[in-house]
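**Student:** need coordinates for the below:
(one chain, ligands or ions: 1)
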Amino acid sequence: MEVSGLDSDGKEFKNAEEMWREQIGEDGEQQEKKTQWYREGISYWEGVEASVDGVLGGFGNVNEVDIKGSEAFLQMLLSDRFPNARNNQHLVALDCGSGIGRITKNLLIRYFNEVDLLEPVSHFLDAARESLAPENHMAPDMHKATNFFCVPLQDFTPETGRYDVIWVQWCIGHLTDDDFVSFFKRAKVGLKPGGFFVLKENIARSGFVLDKEDRSITRSDFYFKELFSRCGLHIYKSKDQKGLPEELFAVKMYALTAEMPRRVSKSRSKVQANRPGIIR
Ligand SMILES: C[S@@+](CC[C@H](N)C(=O)[O-])C[C@H]1O[C@@H](n2cnc3c(N)ncnc32)[C@H](O)[C@@H]1O
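**Tutor:** Numbering: from 1, shown residues only. Predicted coordinates for the structure are as follows:
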């Protein structure tokens, strides 16, 4: 990736390759340094309280605006992609890097009949299991949290064809570029026909920003687009999250599909446009 970037101490990198070389090493030492990268990421979160404020890095106050923005985006996507969902279609979602289950509890469980959660930090997943226990939410026969997977994304392969939506929010920065690409390539098999990913992430103004404390990188929109193309994913829709405090990174939502979105052209078709037509 020929874009320069910074780390959290202000150190500059010429490009992403230079940054990754420093973080996860050259080929020979790569496995060991990469294991260390992931271990440090997890141990950062192991030291964080299992609360909304904890998983939002002290910005628990953005929970409401985040959920509202996600809900509007999700509603638009569901009505576009699953117009018959009300006719007893059984919808299933996966909440990746779910933390304490904040997104499942406040959003996904209301729209999906089943939600699975994936989270590598066990005290977060325990908190999710407790708050999503059937006795703690409405209509548990119709809407429930089914599976709780305590694994990191780089080691996960979903069950084939299980999910309508795979939601990935505020966790993909923990994955190296190669693991990002191989995760999405594997995860495509987990989607039902018509299914899609939602990736909601912080966006760097340009290049990338490496956070040395929690071992994550914030990528620019351009950087994400390069990775989507390596994954063979297409942007179906994208939207900026509005209403966040100014001191935070901008946040973007991408709906991604494995198949090329069909373009519905409002102008005349090529065949019509290329033949003589009466001027009305
Ligand atoms: C900022 S929190 C966001 C949690 C949740 N997505 C939310 O928005 O409430 C980041 C989450 O990513 C998880 N995480 C860290 N490394 C991960 C990895 N390699 N794979 C999946 N999740 C990871 C952390 O444990 C933490 O729960």
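
**Student:** show me which positions of stretch 230-250 end up buried.
**Tutor:** 231, 233, 236-237, 239, 241, 244, 250 (16 or more other CB atoms under 10 Å). To be clear about C-beta, it is placed using only N, CA and C from the backbone, and glycine gets the same treatment.

**Student:** and the residue nearest to residue 238 when sequence neighbours are not counted, what does it touch?
**Tutor:** Leaving aside its sequence neighbours, residue 238 sits nearest to residue 254 (CB to CB, 6 or more residues apart in numbering; 4.7 Å). Neighbouring residues of residue 254 by CB atoms under 8 Å, 6 or more residues apart in numbering: 197-201, 224, 228, 235, 237-238.

**Student:** what about the longest strand in this structure?
**Tutor:** Ranked by residue count, the top strand of the chain under DSSP state E comes out as strand 191-203.

**Student:** counting contacts, what elements does it pack onto?
**Tutor:** helix 63-81, strand 163-169, strand 216-219, helix 221-231, strand 250-257 (3 or more CB pairs under 8 Å, 6 or more residues apart in numbering; DSSP states H and E).

**Student:** avg pLDDT for it?
**Tutor:** Strand 191-203 shows a mean pLDDT of 97.

**Student:** neighbouring strands - and their directions - for that strand?
**Tutor:** Within its sheet, strand 191-203 is paired with strand 163-169 (parallel), strand 250-257 (antiparallel), according to DSSP bridges.

**Student:** give me the mean pLDDT for the helix or strand that it is followed by.
**Tutor:** As assigned by DSSP states H and E, the chain's next helix or strand after strand 191-203 is strand 208-211. On average, the pLDDT along strand 208-211 is 97.
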